[in-house]
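Participant: Got a predicted model here, sequence first, then my questions.
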Amino acid sequence: MVKVVRSTVLDAPVDQVWNVLRDFNGHDQWHPAVAHSTIERSEQSDRVGCVRRFKLQDGAELREKLLTLSDLEQCYSYCLLETPIPLLNYVSHVNLYPVTDGNGTFWQWQGNFTTPAGREEELGTMVGEDIYQAGFEAIRNLVQTEAFS
């Protein structure tokens, strides 16, 4: 099993960051890899069990299911249902925490999955860099832009 854990500190209040991230269907508005996203069956994007179908910029199509969402704890979990990338049994957790020394946000993004033999390092790096780190930078830029609007 591959475990990828990345974290960052954002110079923005945790409620501001949560308002963006809690929309399970909103990642096409901020993540550079995502071209378009919809929630199947027109369900609410914060309803546990909803499924988002989205296309990446390269045309690949994926489906993910929202497993948990807590406004109180400002976290959610989701799993991959369909993907052309061999991330098997993929489950991810997003957690936000207030930084009490200032008014920032600590964001941890973690994924666990299996891969075909010999691809653990390649796919672990891809998830950590192309998904998690790219997402951190996109949200950092978004909240900084909102702060100056």
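Facilitator: Everything's here; your move. Numbers count the residues shown, from 1 in each chain.

Participant: where exactly do the helices run in this protein?
Facilitator: 14-21, 120-126, 134-147 (DSSP state H).

Participant: Check which helices and strands the second one sits against.
Facilitator: Meaning helix 120-126. Packing contacts for helix 120-126, counted by 3 or more Cβ pairs under 8 Å, 6 or more residues apart in numbering; DSSP states H and E, involve strand 2-10. To be clear about C-beta, it is placed using only N, CA and C from the backbone, and glycine gets the same treatment.

Participant: Now distance to C75, mean pLDDT and mean neighbour count too, for the helices of the chain, in TSV please.
Facilitator: TSV is the format used below for these (distance: least, Cβ to Cβ, whole Å; pLDDT from 0 to 100; neighbours: other Cβ atoms under 10 Å):
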stretch	distance to C75	mean pLDDT	mean neighbour count
helix 14-21	9	96	17
helix 120-126	22	97	14
helix 134-147	15	88	15
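
Participant: now the ones you listed in a markdown table, with distance to S92?
Facilitator: Putting the helices of the chain into a markdown table (distance: least, Cβ to Cβ, whole Å) gives the following:
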| stretch | distance to S92 |
| --- | --- |
| helix 14-21 | 12 |
| helix 120-126 | 13 |
| helix 134-147 | 11 |
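
Participant: what's the closest of those helices to Y76?
Facilitator: helix 14-21 (7.8 Å; Cβ to Cβ).

Participant: V143 versus L123, what's the distance?
Facilitator: 29 Å (Cβ to Cβ, to the nearest Å).

Participant: The worst-scoring helix or strand of the chain on mean pLDDT - contacts with which helices or strands?
Facilitator: Ranked by mean pLDDT, DSSP states H and E, the helix or strand of the chain with the weakest confidence is helix 134-147, at a mean of 88. Counting contacts by 3+ Cβ pairs under 8 Å, 6+ apart, helix 134-147 packs against strand 2-10, helix 14-21, strand 104-114.

Participant: give me that answer again for 7 Å
Facilitator: strand 2-10, helix 14-21 (3 or more Cβ pairs under 7 Å, 6 or more residues apart in numbering; DSSP states H and E).

Participant: Contacts for the longest one, please.
Facilitator: Surrounding strand 2-10, the residues in contact under the criterion Cβ atoms under 7 Å, 6 or more residues apart in numbering are 17, 99, 104-115, 120, 123-124, 127-128, 132-133, 136, 139-140, 143.

Participant: All set now, cheers.
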